[in-house]
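S.K.: Here's a sequence, model it:
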Amino acid sequence: MTINKSGQAHWEGDIKQGKGTVSTESGALKQQPYGFNTRFEGAAGTNPEELIGAAHAACFSMALSLMLGEAGYTPQSIDTKAVVSLDKADGGFTITKVALHSKVAVPGVDKAAFDNIIQKAKAGCPISKLLNAEITLDYELIA
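M.R.: Numbering: from 1, shown residues only. Predicted structure coming up:
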């Protein structure tokens, strides 16, 4: 079974003065502006790194929910933030790290079992598998 989802981008102009828009198939993003200024200068709009961060946080949270469910637990809440690091390296820029920060409320879960499950979710999330970067995880289990 293959699921295909799409996003698209439109760009006009050179790298510093140019501007673009990004959209998603679902319409959740529709011609959202992006450009050099949104990526490097903090201007309003989005950028590839925050989109990757949002995708990774969502994917990880869903993977954790699935794996907790398979172990017989139902999370009350999972709140995850993914901080994507873009660093200048030889030959250009590269995403070097994603730091996942998650607060999870799961009634009745044993801490050792939870530690095992959350590490499996980090490794098994499809976005984690996609990224060629160091992925760290810190979390808080709310009893």
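S.K.: For the rest of this, base every contact and every neighbour count on C-alpha atoms.
M.R.: OK.
S.K.: For the chain, just list every one of the strands.
M.R.: All strands of the chain, identified by DSSP state E, fall at 7-12, 19-24, 32-34, 77-89, 92-105, 134-142.
S.K.: Just name the most buried of those strands.
M.R.: strand 32-34 (a mean of 19; mean count of other C-alpha atoms under 10 Å).
S.K.: So what's the gap between that strand and the chain middle?
M.R.: Offset of strand 32-34 from its chain centre (C-alpha atoms, centre = their mean, to the nearest Å): 18 Å.
S.K.: got it, and stretch 100-112?
M.R.: On the basis of C-alpha atoms, centre = their mean, stretch 100-112 sits 19 Å off its chain's mean C-alpha point.
S.K.: got it, and stretch 83-92?
M.R.: For stretch 83-92, the distance to the chain centre is 17 Å (C-alpha atoms, centre = their mean).
S.K.: So what touches it?
M.R.: Stretch 83-92 is contacted from outside by 49-50, 52-53, 93-100, using C-alpha atoms under 8 Å, 6 or more residues apart in numbering.
S.K.: same thing but at 10 Å, please
M.R.: Stretch 83-92 is contacted by residues 39, 48-54, 56-57, 93-101, 133-136 when judged by C-alpha atoms under 10 Å, 6 or more residues apart in numbering.
S.K.: Tell me where the longest helix sits in this protein.
M.R.: Once the chain is assigned using DSSP state H, the helix that runs over the most residues is helix 48-70.
S.K.: That's all I had, so thanks and see you.
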